[in-house]
Structure formats: C-alpha cells, structure tokens
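S.K.: Any chance you can model this:
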Amino acid sequence: MRRRRRIRQRREPVLHARRQRLAVRPLPGLPAPRDDERVVLWLQNSHATPIPAGAVALDRMGAEHPVALREPVGPFATVALDVATFLPDLRWPAQIELRAGRHVVRPRYEVTRAGRTRIAT
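M.R.: Purely as a prediction, here's the structure:
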C-alpha cells in the first residue's frame with residue numbers, strides 16, 4: 001500500500017503537465033481563399049454547453065491579430081463561417097489558424113470554386 005501512494009504521487013504532476021500541453025495545442029489550419037474561391041469553416045460544437053461569444057477566433061498564421069466570432073454557438077450546434085467575412089484582405093497562399101481552445105474537436109472546411117466543392121476533414 002505504501003508503494004502505490006508513491007507511484008500515484010509521481011504520476012500526478014505528469015498528468016497535470018500533459019493536460020496543459022493539450023490545452024495549448026493548435027488546431028490544424030485552413031487555406032485562405034483565392035480570388036475566385038469561397039472557403040467556409042464548419043464549426044461544430046460537440047458539447048452540451050454553448051460556446052460563448054469571443055471564444056473562437058480566426059487569425060492569419062503568425063500575425064497575432066485574431067478576429068473573434070461575435071455570436072455564441074449553441075450546444076451541439078453547427079455554424080458555417082465564411083472566412084472572407086472575418087479576414088477580407090487575406091488571399092492564397094496565406095494560411096489561417098483557428099483559435100478555439102477546447103470547444104472544437106476537429107474543424108472541417110470546404111472550398112468552393114467554379115461550382116465545384118472540395119471538403120477537407
């Protein structure tokens with residue numbers, strides 16, 4: 001019994017550090033649209049609690065000027081966000097990062113060009 005307590009005490013700091021690393025892990029980015037494209041980010045709330053307004057933001061990678069979503073996202077809701085409405089001057093080959101904390105599990109986006117749609121998961 002004494003040995004088990006030592007093992008648990010050693011593991012607690014490791015688990016705590018692991019949780020901190022997961023909290024700051026960036027989500028995969030998405031491409032900025034070309035002049036003849038439309039990029040739509042599908043934001044899926046997979047939790048029973050709403051995502052508050054301002055908790056999700058889009059930013060050009062490395063720019064550190066995020067533009068936040070002003071509306072809350074309801075529990076288990078899906079919202080389509082047109083990237084051009086958040087970052088109108090941003091064009092390909094720039095990349096966009098999604099800052100969503102732990103609210104979004106895996107972002108999905110679609111690129112529409114000349115009537116054809118590509119969906120990236």
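S.K.: and Trp42, what does it touch?
M.R.: Applying CB atoms under 8 Å, 6 or more residues apart in numbering, we find Trp42 in contact with 78-81, 107-110. C-betas here are computed from N, CA, C, even on glycine.
S.K.: and with 6 Å instead?
M.R.: Applying CB atoms under 6 Å, 6 or more residues apart in numbering to Trp42 gives the contacts 80, 108.
S.K.: Check the one 10 residues further on too.
M.R.: The neighbourhood of Pro52, defined by CB under 6 Å, 6+ apart, consists of Pro72.
S.K.: if we go to 10 Å?
M.R.: Going by CB atoms under 10 Å, 6 or more residues apart in numbering, Pro52 touches 69, 71-73, 103.
S.K.: now do Val105
M.R.: 27, 44-47.
S.K.: Give me the buried positions along stretch 55-74.
M.R.: Neighbour counts using 16 or more other CB atoms under 10 Å place 55-60, 66, 69, 73 of stretch 55-74 among the buried residues.
S.K.: what's in contact with that stretch?
M.R.: Counting by CB under 10 Å, 6+ apart, residues outside stretch 55-74 touching it are 26, 29-30, 32, 41, 43-45, 47, 49-54, 79, 81, 83, 85-90, 94-104, 107.
S.K.: Narrow the contacts of Val105 to those that are buried.
M.R.: For these, buried by 16+ other CB under 10 Å: 44-45.
S.K.: Select, from the buried residues of stretch 55-74, the two members most distant in space.
M.R.: Spatial extent of the buried residues of stretch 55-74 (CB to CB) is set by the pair Arg60 and Val73 at 22.3 Å.
S.K.: Could you identify the longest strand within this protein?
M.R.: strand 37-44 (DSSP state E).
S.K.: Run the chain-centre distance for stretch 90-98.
M.R.: The chain centre lies 14 Å from the centre of stretch 90-98; the measure is CA atoms, centre = their mean, to the nearest Å.
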